[in-house]
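# based on what follows, work out the 3D shape:
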Amino acid sequence: MEGVPRAAIIAEVSRKMTEFTAALQERAKTHIKDHLVMVKEQSLVNEMVSKGVVAVHWCGNRECADRLEEIADASVLGTEVRTDLIDQSQGNCIICGKPGSVVTLIGRSY
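I've put the predicted structure just below:
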């Protein structure tokens, strides 16, 4: 263990906390990248949701959400996804094919 002069303790603790925070944030971002995937085909939803959280285009219709939850054996977790880790472009609903859908997250909560 390295020694720190008494006068430098506050600065050293602050530096270490900054390092720790940066490492923790990078680890979290890597975890999210590894467990969040955009899916564009119904047939892949269940398989991919078993590995993490799935993002799909959804029209906002309750019947499509119900069908999506049935196919995935998981829940719609939310919309208005704000991340650069997945494609935010407009797309067609993965269930009914209607255009102008929003990106929606689907996953299993434990």
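# residues touching residue 94, list them.
39-42, 45, 56-58, 68, 101 (Cβ atoms under 8 Å, 6 or more residues apart in numbering). Yep, even glycine has a C-beta here, placed from its N, CA and C like the rest.
# if any of those residues are buried, give me the ChimeraX selection for them.
Those of these that count as buried under 16 or more other Cβ atoms under 10 Å are selected in ChimeraX with:
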select :39,45,56,57,58,68,101
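# so the residue positioned nearest the centre of the chain versus residue 23, what's the distance?
Residue closest to the mean C-alpha point of the chain, counted by Cα atoms, centre = their mean, is residue 36 at 4.7 Å. As defined by Cβ to Cβ, to the nearest Å, residue 36 lies at a distance of 20 Å from residue 23.
# then residue 106?
30 Å.
# and for residue 57?
For residue 57, the distance to residue 23 - Cβ to Cβ - is 34 Å.
# circling back: of residue 106 and residue 23, who's got more company?
The neighbour count for residue 106 versus residue 23, taken as other Cβ atoms under 10 Å, is higher for residue 106 (26 against 10).
# part of a helix, is that one?
No. Judged by DSSP: H, G, I helix; E, B strand; the rest coil, residue 106 forms no part of a helix; its state is strand.
# re the thing from before, just the closest of the contacts of residue 94 to residue 79, please.
Using Cβ to Cβ, residue 58 is the member of the contacts of residue 94 that sits closest to residue 79, with 7.4 Å.
# ok, and the closest non-adjacent residue to that closest one?
residue 104 (4.1 Å; Cβ to Cβ, 6 or more residues apart in numbering).
# what about the one you found, how many residues nearby?
23.
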